[in-house]
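K.L.:
no FASTA, just this:
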(Lines give C-alpha, C1' and ligand atoms only; values in the text may rest on other atoms or scores of the structure.)
Protein backbone atom coordinates (compact mmCIF):
# COMPACT_ATOMS: atom_id res chain seq x y z
CA UNK A 1 0.00 0.00 0.00
CA UNK A 2 1.18 3.51 -0.76
CA UNK A 3 1.84 6.06 1.98
CA UNK A 4 0.93 9.64 1.10
CA UNK A 5 2.72 12.63 2.55
CA UNK A 6 -0.46 13.58 4.48
CA UNK A 7 -0.61 10.13 6.08
CA UNK A 8 3.07 10.32 6.98
CA UNK A 9 2.77 13.83 8.44
CA UNK A 10 -0.23 12.82 10.55
CA UNK A 11 1.73 9.88 11.96
CA UNK A 12 4.72 12.11 12.71
CA UNK A 13 2.43 14.61 14.41
CA UNK A 14 1.05 11.91 16.68
CA UNK A 15 4.58 10.80 17.58
CA UNK A 16 6.33 14.20 17.84
CA UNK A 17 3.65 16.84 18.46
CA UNK A 18 0.72 15.14 20.23
CA UNK A 19 -0.45 18.50 21.59
CA UNK A 20 -0.64 20.03 18.11
CA UNK A 21 -4.21 18.69 17.62
CA UNK A 22 -3.89 18.68 13.85
CA UNK A 23 -2.42 22.17 13.45
CA UNK A 24 1.00 20.99 12.33
CA UNK A 25 -0.38 18.56 9.76
CA UNK A 26 -2.77 21.25 8.51
CA UNK A 27 0.14 23.63 8.03
CA UNK A 28 2.14 21.11 6.00
CA UNK A 29 -0.98 20.21 4.04
CA UNK A 30 -1.16 23.87 3.01
CA UNK A 31 2.46 23.66 1.89
CA UNK A 32 1.88 20.57 -0.26
CA UNK A 33 -1.25 22.13 -1.80
CA UNK A 34 0.67 25.27 -2.79
CA UNK A 35 3.54 23.28 -4.28
CA UNK A 36 1.12 21.20 -6.35
CA UNK A 37 -0.36 24.44 -7.69
CA UNK A 38 3.13 25.69 -8.54
CA UNK A 39 4.05 22.39 -10.16
CA UNK A 40 0.94 22.56 -12.36
CA UNK A 41 1.98 26.00 -13.64
CA UNK A 42 5.57 24.91 -14.27
CA UNK A 43 4.35 21.90 -16.21
CA UNK A 44 2.54 24.27 -18.57
CA UNK A 45 5.46 26.66 -19.01
CA UNK A 46 5.70 27.52 -22.69
CA UNK A 47 2.03 26.72 -23.28
CA UNK A 48 0.61 29.61 -21.25
CA UNK A 49 1.93 33.09 -20.53
CA UNK A 50 3.77 32.21 -17.32
CA UNK A 51 7.43 32.27 -18.46
CA UNK A 52 9.57 35.41 -18.47
CA UNK A 53 10.05 38.58 -16.47
CA UNK A 54 7.20 40.14 -14.51
CA UNK A 55 8.87 43.53 -14.94
CA UNK A 56 9.51 44.18 -11.23
CA UNK A 57 12.59 44.05 -8.99
CA UNK A 58 12.24 42.24 -5.65
CA UNK A 59 13.81 43.13 -2.31
CA UNK A 60 16.93 41.19 -3.26
CA UNK A 61 17.55 43.47 -6.25
CA UNK A 62 16.68 40.61 -8.61
CA UNK A 63 14.29 40.69 -11.54
CA UNK A 64 11.05 38.93 -10.64
CA UNK A 65 9.88 36.22 -12.98
CA UNK A 66 6.17 35.66 -13.58
CA UNK A 67 6.43 32.30 -11.87
CA UNK A 68 8.11 33.95 -8.86
CA UNK A 69 5.03 36.10 -8.41
CA UNK A 70 2.60 33.21 -8.88
CA UNK A 71 4.52 30.89 -6.53
CA UNK A 72 4.68 33.58 -3.86
CA UNK A 73 0.95 34.29 -4.11
CA UNK A 74 0.11 30.57 -3.97
CA UNK A 75 2.14 30.04 -0.80
CA UNK A 76 0.89 33.19 0.91
CA UNK A 77 -2.71 32.17 0.17
CA UNK A 78 -2.49 28.46 1.06
CA UNK A 79 -0.48 29.04 4.24
CA UNK A 80 -2.20 32.26 5.27
CA UNK A 81 -5.54 30.46 5.62
CA UNK A 82 -4.13 27.97 8.14
CA UNK A 83 -5.17 28.85 11.69
CA UNK A 84 -1.80 27.80 13.12
CA UNK A 85 0.22 30.29 11.03
CA UNK A 86 1.10 33.62 12.64
CA UNK A 87 3.86 34.98 10.40
CA UNK A 88 4.91 34.36 6.79
CA UNK A 89 8.32 35.43 5.51
CA UNK A 90 9.10 35.23 1.80
CA UNK A 91 12.15 35.98 -0.30
CA UNK A 92 9.86 38.11 -2.46
CA UNK A 93 8.55 40.35 0.34
CA UNK A 94 10.61 42.99 2.12
CA UNK A 95 8.70 42.65 5.39
CA UNK A 96 7.05 39.68 7.14
CA UNK A 97 3.36 39.12 6.57
CA UNK A 98 1.84 39.07 10.05
CA UNK A 99 -1.56 37.46 10.63
CA UNK A 100 -3.51 38.52 13.73
CA UNK A 101 -3.88 35.15 15.44
CA UNK A 102 -2.55 35.70 18.95
CA UNK A 103 -4.34 32.60 20.27
CA UNK A 104 -3.93 30.03 17.48
CA UNK A 105 -0.90 31.35 15.57
CA UNK A 106 1.81 28.98 16.78
CA UNK A 107 4.12 28.90 13.77
CA UNK A 108 6.35 31.09 11.64
CA UNK A 109 6.86 29.89 8.06
CA UNK A 110 9.83 31.15 6.03
CA UNK A 111 10.19 30.26 2.36
CA UNK A 112 11.83 30.81 -1.00
CA UNK A 113 8.81 30.43 -3.32
CA UNK A 114 10.71 29.47 -6.46
CA UNK A 115 14.43 28.91 -6.21
CA UNK A 116 16.26 28.98 -9.54
CA UNK A 117 13.37 30.63 -11.37
CA UNK A 118 15.68 32.32 -13.89
CA UNK A 119 16.29 28.81 -15.30
CA UNK A 120 12.62 28.00 -15.90
CA UNK A 121 12.59 29.09 -19.54
CA UNK A 122 15.41 26.62 -20.38
CA UNK A 123 13.67 23.71 -18.63
CA UNK A 124 16.15 23.37 -15.75
CA UNK A 125 14.86 21.98 -12.44
CA UNK A 126 13.68 24.61 -9.94
CA UNK A 127 12.19 24.31 -6.48
CA UNK A 128 10.51 25.65 -3.35
CA UNK A 129 12.36 25.76 -0.01
CA UNK A 130 10.66 26.22 3.38
CA UNK A 131 11.40 26.40 7.08
CA UNK A 132 8.96 26.23 10.01
CA UNK A 133 9.65 27.77 13.42
CA UNK A 134 7.54 27.85 16.54
CA UNK A 135 6.55 31.41 17.46
CA UNK A 136 7.82 32.17 20.98
CA UNK A 137 5.09 33.05 23.48
CA UNK A 138 4.31 36.76 23.62
CA UNK A 139 6.74 37.50 20.77
CA UNK A 140 5.34 39.00 17.58
CA UNK A 141 6.50 40.51 14.30
CA UNK A 142 10.07 40.39 13.09
CA UNK A 143 11.41 39.50 16.54
CA UNK A 144 9.65 36.12 16.32
CA UNK A 145 11.53 35.30 13.12
CA UNK A 146 15.05 35.98 14.45
CA UNK A 147 15.75 32.44 15.67
CA UNK A 148 18.80 30.25 15.00
CA UNK A 149 18.28 27.31 12.66
CA UNK A 150 18.53 24.67 15.39
CA UNK A 151 15.13 25.86 16.60
CA UNK A 152 13.40 24.81 13.37
CA UNK A 153 10.40 22.55 13.89
CA UNK A 154 10.46 21.31 10.31
CA UNK A 155 12.04 22.14 6.97
CA UNK A 156 11.98 20.89 3.43
CA UNK A 157 11.85 21.57 -0.26
CA UNK A 158 10.15 20.51 -3.45
CA UNK A 159 12.21 20.00 -6.58
CA UNK A 160 10.24 20.37 -9.82
CA UNK A 161 12.03 18.29 -12.43
CA UNK A 162 11.39 15.17 -14.48
CA UNK A 163 9.27 14.30 -11.45
CA UNK A 164 8.22 16.51 -8.54
CA UNK A 165 9.70 15.40 -5.22
CA UNK A 166 8.78 16.72 -1.76
CA UNK A 167 11.52 16.23 0.85
CA UNK A 168 11.04 17.18 4.50
CA UNK A 169 12.22 16.62 8.04
CA UNK A 170 10.51 17.24 11.36
CA UNK A 171 13.64 16.39 13.32
CA UNK A 172 13.30 12.61 13.14
CA UNK A 173 14.91 11.73 9.82
CA UNK A 174 14.46 12.85 6.23
CA UNK A 175 11.71 11.54 3.97
CA UNK A 176 11.04 12.02 0.27
CA UNK A 177 7.73 11.81 -1.60
CA UNK A 178 7.19 11.74 -5.36
CA UNK A 179 4.09 13.32 -6.89
CA UNK A 180 1.98 10.62 -8.53
CA UNK A 181 0.05 12.41 -11.30
CA UNK A 182 -2.48 9.60 -11.53
CA UNK A 183 -3.82 10.24 -8.03
CA UNK A 184 -2.59 13.82 -7.48
CA UNK A 185 -0.73 12.99 -4.27
CA UNK A 186 2.84 12.90 -3.05
CA UNK A 187 3.64 9.28 -2.14
CA UNK A 188 6.53 7.97 -0.05
CA UNK A 189 9.42 7.03 -2.32
CA UNK A 190 12.50 7.76 -0.19
CA UNK A 191 11.99 6.48 3.37
CA UNK A 192 14.59 7.61 5.90
CA UNK A 193 17.02 9.26 3.47
CA UNK A 194 20.70 9.17 4.41
CA UNK A 195 23.40 11.22 2.70
CA UNK A 196 26.42 9.08 1.73
CA UNK A 197 29.34 9.53 4.13
CA UNK A 198 31.56 10.43 1.18
CA UNK A 199 30.86 11.35 -2.43
CA UNK A 200 32.65 11.88 -5.73
CA UNK A 201 31.20 15.25 -6.80
CA UNK A 202 31.68 18.86 -5.86
CA UNK A 203 29.30 21.62 -6.90
CA UNK A 204 30.32 25.28 -7.16
CA UNK A 205 30.20 28.14 -9.65
CA UNK A 206 33.83 27.90 -10.75
CA UNK A 207 33.47 30.92 -13.02
CA UNK A 208 33.98 32.96 -9.84
CA UNK A 209 36.90 30.88 -8.55
CA UNK A 210 39.47 33.67 -8.99
CA UNK A 211 37.53 35.76 -6.46
CA UNK A 212 37.19 32.99 -3.83
CA UNK A 213 39.28 33.21 -0.63
CA UNK A 214 42.53 31.23 -0.75
CA UNK A 215 41.30 28.36 1.47
CA UNK A 216 38.34 27.70 -0.86
CA UNK A 217 40.59 27.59 -3.92
CA UNK A 218 43.02 25.25 -2.15
CA UNK A 219 40.13 23.01 -1.12
CA UNK A 220 38.77 22.76 -4.67
CA UNK A 221 42.25 21.95 -5.97
CA UNK A 222 42.57 19.16 -3.41
CA UNK A 223 39.23 17.69 -4.51
CA UNK A 224 40.25 17.79 -8.17
CA UNK A 225 43.58 16.15 -7.32
CA UNK A 226 41.68 13.28 -5.70
CA UNK A 227 39.54 12.71 -8.80
CA UNK A 228 36.33 14.49 -7.81
CA UNK A 229 34.09 15.51 -10.71
CA UNK A 230 32.39 18.89 -11.01
CA UNK A 231 28.59 19.07 -11.17
CA UNK A 232 26.88 22.48 -11.07
CA UNK A 233 23.31 23.15 -12.16
CA UNK A 234 22.88 26.70 -10.87
CA UNK A 235 19.62 25.89 -9.11
CA UNK A 236 20.25 25.46 -5.36
CA UNK A 237 17.44 22.96 -4.82
CA UNK A 238 18.58 20.78 -7.71
CA UNK A 239 22.24 20.91 -6.68
CA UNK A 240 21.39 20.09 -3.06
CA UNK A 241 19.00 17.28 -4.04
CA UNK A 242 21.77 15.58 -6.01
CA UNK A 243 24.17 16.05 -3.09
CA UNK A 244 21.63 14.57 -0.67
CA UNK A 245 21.18 11.47 -2.81
CA UNK A 246 24.69 11.02 -4.22
CA UNK A 247 26.93 12.63 -1.61
CA UNK A 248 29.74 15.11 -2.15
CA UNK A 249 29.70 18.81 -1.38
CA UNK A 250 28.00 22.01 -2.51
CA UNK A 251 29.73 25.34 -1.95
CA UNK A 252 28.70 28.96 -2.34
CA UNK A 253 31.78 30.83 -1.09
CA UNK A 254 32.13 34.50 -0.30
CA UNK A 255 33.45 36.51 -3.25
CA UNK A 256 34.93 39.95 -3.77
CA UNK A 257 31.52 41.25 -4.89
CA UNK A 258 29.61 39.46 -2.13
CA UNK A 259 31.97 39.02 0.83
CA UNK A 260 29.03 38.12 3.07
CA UNK A 261 27.94 35.37 0.67
CA UNK A 262 24.90 35.27 -1.61
CA UNK A 263 22.53 32.65 -0.23
CA UNK A 264 19.95 33.70 2.34
CA UNK A 265 20.32 32.28 5.84
CA UNK A 266 16.69 31.96 6.93
CA UNK A 267 15.02 30.43 3.89
CA UNK A 268 17.86 28.77 1.98
CA UNK A 269 20.81 27.83 4.21
CA UNK A 270 18.91 27.01 7.42
CA UNK A 271 16.33 24.58 6.00
CA UNK A 272 18.89 22.79 3.84
CA UNK A 273 21.32 22.60 6.77
CA UNK A 274 18.59 21.04 8.93
CA UNK A 275 17.91 18.45 6.22
CA UNK A 276 21.63 17.77 5.71
CA UNK A 277 22.26 17.16 9.41
CA UNK A 278 19.19 14.96 9.75
CA UNK A 279 20.51 12.90 6.83
CA UNK A 280 23.96 12.56 8.39
CA UNK A 281 25.72 15.44 6.61
CA UNK A 282 27.08 18.80 7.73
CA UNK A 283 26.59 22.47 6.88
CA UNK A 284 28.86 25.40 7.81
CA UNK A 285 29.43 28.99 6.72
CA UNK A 286 33.18 28.37 6.46
CA UNK A 287 33.71 28.79 10.19
CA UNK A 288 30.51 28.08 12.11
CA UNK A 289 27.74 25.52 12.04
CA UNK A 290 24.94 27.10 9.98
CA UNK A 291 22.26 26.11 12.50
CA UNK A 292 24.05 27.98 15.30
CA UNK A 293 23.99 31.38 13.58
CA UNK A 294 21.65 33.88 15.25
CA UNK A 295 20.09 35.95 12.45
CA UNK A 296 20.09 39.74 12.59
CA UNK A 297 18.01 40.44 9.47
CA UNK A 298 15.26 38.64 7.58
CA UNK A 299 17.15 38.64 4.29
CA UNK A 300 20.59 38.03 5.83
CA UNK A 301 23.08 36.32 3.53
CA UNK A 302 25.71 33.71 4.30
CA UNK A 303 28.40 31.63 2.63
CA UNK A 304 27.53 27.91 2.58
CA UNK A 305 29.45 24.64 2.52
CA UNK A 306 27.03 21.73 2.75
CA UNK A 307 27.21 18.04 2.00
CA UNK A 308 28.65 14.74 3.11
CA UNK A 309 30.38 14.61 6.47
CA UNK A 310 33.71 13.59 4.92
CA UNK A 311 33.91 16.50 2.47
CA UNK A 312 32.79 19.21 4.91
CA UNK A 313 35.16 17.93 7.60
CA UNK A 314 37.95 17.97 5.03
CA UNK A 315 37.28 21.67 4.37
CA UNK A 316 37.40 22.41 8.09
CA UNK A 317 40.69 20.56 8.50
CA UNK A 318 42.31 22.25 5.52
CA UNK A 319 41.17 25.69 6.72
CA UNK A 320 42.53 25.00 10.22
CA UNK A 321 45.94 24.11 8.77
CA UNK A 322 46.20 27.20 6.52
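P.N.:
Right, received. Where do you want to start? Source: prediction; values computed, not measured. Numbers count the residues shown, from 1 in each chain.
K.L.:
got the buried residues for the helix or strand encompassing residue 71?
P.N.:
Assigned by DSSP states H and E, residue 71 belongs to helix 66-80. Within helix 66-80, the residues that count as buried by 16 or more other CB atoms under 10 Å are 66-76, 78-79. (C-beta placed from N, C-alpha, C; glycine too.)
K.L.:
okay, the residues you listed in TSV with distance to residue 109 and pLDDT next?
P.N.:
Conversion of those to TSV gives the following (distance: CB to CB, whole Å; pLDDT from 0 to 100):
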residue	distance to residue 109	pLDDT
66	23	81
67	20	88
68	17	88
69	18	90
70	18	92
71	14	94
72	13	95
73	15	95
74	13	96
75	8	97
76	10	96
78	10	96
79	5	95
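K.L.:
pull the longest helix from this protein.
P.N.:
Looking across the chain with DSSP state H, the single longest helix is helix 23-43.
K.L.:
mind checking the pLDDT average for it?
P.N.:
Across helix 23-43, the average pLDDT comes to 91.
K.L.:
I'd like to know which elements that helix is packed against.
P.N.:
helix 5-16, helix 66-80, strand 107-115, strand 126-134, strand 152-160, strand 164-169 (3 or more CB pairs under 8 Å, 6 or more residues apart in numbering; DSSP states H and E).
K.L.:
tell me what angle it forms with strand 126-134.
P.N.:
Going by axes from the mean of the first three to the mean of the last three CA atoms, to 10 degrees, helix 23-43 is angled at 170 degrees with respect to strand 126-134.
K.L.:
okay if I get the buried residues of helix 66-80 as a markdown table plus distance to residue 36?
P.N.:
Listed next are those as a markdown table, based on distance: CB to CB, whole Å:
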| residue | distance to residue 36 |
| --- | --- |
| 66 | 18 |
| 67 | 15 |
| 68 | 18 |
| 69 | 18 |
| 70 | 13 |
| 71 | 12 |
| 72 | 16 |
| 73 | 15 |
| 74 | 9 |
| 75 | 12 |
| 76 | 16 |
| 78 | 10 |
| 79 | 14 |
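K.L.:
tell me the one of the residues you listed nearest residue 255?
P.N.:
Ranked by distance to residue 255 (CB to CB), the buried residues of helix 66-80 are led by residue 68 at 23.8 Å.
K.L.:
surely the closest one touches residue 115?
P.N.:
No: with contacts counted by CB atoms under 8 Å, residue 68 stays clear of residue 115, the gap being 9.8 Å.
K.L.:
do a quick rundown of the helices in this structure.
P.N.:
Using DSSP H, helices in the chain cover 5-16, 23-43, 66-80, 214-225, 236-246, 270-278, 309-321.
K.L.:
single out the most deeply packed of those helices.
P.N.:
Highest mean neighbour count of those: helix 270-278, a mean of 26 (counted as mean count of other CB atoms under 10 Å).
K.L.:
and the angle for it with strand 126-134?
P.N.:
If you take the same axes, to 10 degrees, helix 270-278 sits at 80 degrees to strand 126-134.
K.L.:
I'd like the average pLDDT over helix 270-278.
P.N.:
Averaged across helix 270-278, pLDDT comes to 98.
K.L.:
likewise for stretch 84-91?
P.N.:
Stretch 84-91 comes out at a mean pLDDT of 94.
K.L.:
chain center to it: distance?
P.N.:
Relative to its chain's centre, stretch 84-91 lies at 15 Å (CA atoms, centre = their mean, to the nearest Å).
K.L.:
and if you look at stretch 96-112?
P.N.:
In terms of CA atoms, centre = their mean, the centre of stretch 96-112 is found 19 Å from the chain centre.
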